[in-house]
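Undergrad: Please work out how this folds:
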Amino acid sequence: MVLAGAVFDENELPMVLRRLPWTENYKTSLSLLDTRLGRAIDYEFSVKELENIQTPAGEFPCYRIEARSLTFWISADSRRLVVRSNRGGYTTELSVLPRTGAGESIYRDEETGASVKVPAGWILDRYPSKKPHIFIATMIDLHSSATVSLDIAPCDDACQNNTPGGVQATAEKLATGTQYTSVRPGSIQARTVGGHPAASWIEDFPALSEVHYKILMQSASWQAFNVLSTNSNEFKLLRSTLDIIIDGLVIK
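TA: The predicted structure follows:
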């Protein structure tokens, strides 16, 4: 697949928007790759108005930015935080403020009992789920292109064999790559996370110079599937931070 001009992965959009000089009447055009459709789509983003937005992390004056079915509320201060977003009916809100100190914070989800480490300089947005007992969230590194998607849900039949060998066998079935990605040879690794069997692997996305670091984790009752994405040039530098996030994940 050949992409013409500057094209961004749609998953990178929150980081891209944070780096733009938003002010009243500001407009800009971006081309985003939709991997499901296999093509780039052009969007024109524009500031509609300034609003005060209340979230679990506090209240923020924000620029409301719209393009097609996308709406983002970006904080009007110098941090340019993505305070809220609505993408085709899926809404996220800022749940944890980024820490500026050396230590990480812990985000605990009361409904599922899951918890995750949020490193210094990262933020976490939780997606409200239409189904009960499901935890879906995105973590964003404010200083790089790295993002982490978290998806934790009650087990289905696939969790009946939640042994180390069973989880690795499931991971090997999932780690097949796509028309855009290829699984890095020898990258499938069995591991233990929070006392539960898990397996991780690495997929390369050459068209966008990205690396996707994926982890499957299962307990007797819950399953977690996480995707950690970053620029290929940053992956080695961020690998230890990504492993801290993985190893700090707790499910029942």
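Undergrad: Distance-wise, check Thr112 relative to Lys252.
TA: As judged by CB to CB, to the nearest Å, Thr112 and Lys252 stand 8 Å apart. No exception for glycine: its C-beta is placed from N, CA and C like everyone else's.
Undergrad: my guess is Ile136 meets Val148, correct?
TA: No - the criterion here is CB atoms under 8 Å, and Ile136 misses it with Val148 at 11.8 Å.
Undergrad: Neighbour count: the two, which is higher?
TA: Comparing Ile136 with Val148 by other CB atoms under 10 Å, the one with more neighbours is Val148, at 26 against 17.
Undergrad: Quick one: the helices in the stretch 51-200 of the chain, in order.
TA: In the stretch 51-200 of the chain, the helices defined using DSSP state H, counting those that start in this stretch lie at 164-174.
Undergrad: residue ranges with poor pLDDT in it?
TA: Residues of the stretch 51-200 of the chain that meet the criterion pLDDT under 70 lie in 98-103, 129-130, 132, 156-160.
Undergrad: neighbours of Thr23, just the number please.
TA: By the measure other CB under 10 Å, the count of residues near Thr23 is 10.
Undergrad: and the gap between it and Ala76?
TA: Distance, Thr23 to Ala76, using CB to CB: 9 Å.
Undergrad: Overlap of the contact sets of those two?
TA: Tyr63 (CB atoms under 8 Å, 6 or more residues apart in numbering).
Undergrad: to the chain's geometric centre, what's the distance from stretch 13-31?
TA: Mean C-alpha position of stretch 13-31 versus that of the full chain (CA atoms, centre = their mean, to the nearest Å) differs by 19 Å.
Undergrad: just stretch 121-138 next, same as before
TA: That offset, for stretch 121-138, works out to 10 Å (CA atoms, centre = their mean).
Undergrad: Dump the C-alpha coordinates for that stretch into CSV.
TA: Presented in CSV, the C-alpha positions along stretch 121-138 are these (Å, rounded to 0.1, in the frame of the first residue of the first chain):
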residue,chain,number,x,y,z
GLY,A,121,3.7,11.8,31.7
TRP,A,122,0.8,9.5,30.6
ILE,A,123,-3.0,10.0,30.8
LEU,A,124,-5.8,7.5,30.8
ASP,A,125,-9.2,7.9,29.1
ARG,A,126,-11.9,5.4,29.9
TYR,A,127,-14.6,4.5,27.4
PRO,A,128,-18.1,4.1,28.8
SER,A,129,-19.3,0.6,27.7
LYS,A,130,-22.8,-0.3,26.6
LYS,A,131,-22.3,-3.7,28.2
PRO,A,132,-21.9,-4.2,31.9
HIS,A,133,-18.6,-5.3,33.5
ILE,A,134,-16.4,-4.3,30.6
PHE,A,135,-13.4,-2.0,31.0
ILE,A,136,-12.2,-0.2,27.8
ALA,A,137,-9.6,2.6,28.0
THR,A,138,-6.9,4.3,26.1
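Undergrad: And the contacts of that stretch?
TA: By CB under 8 Å, 6+ apart, stretch 121-138 touches 14, 56, 81-82, 85, 90-100, 104, 107, 109, 111-112, 114, 116, 118, 139-143, 147-154.
Undergrad: how about a cut-off of 7 Å?
TA: Residues external to stretch 121-138 that are found in contact with it (CB atoms under 7 Å, 6 or more residues apart in numbering): 81-82, 90-98, 107, 109, 111-112, 114, 118, 139-143, 147-154.
Undergrad: cool, and stretch 111-120?
TA: Contacts to stretch 111-120, defined as CB under 7 Å, 6+ apart, come from residues 96, 99-109, 124, 133, 135, 139, 150, 152, 241, 244-245, 248-252.
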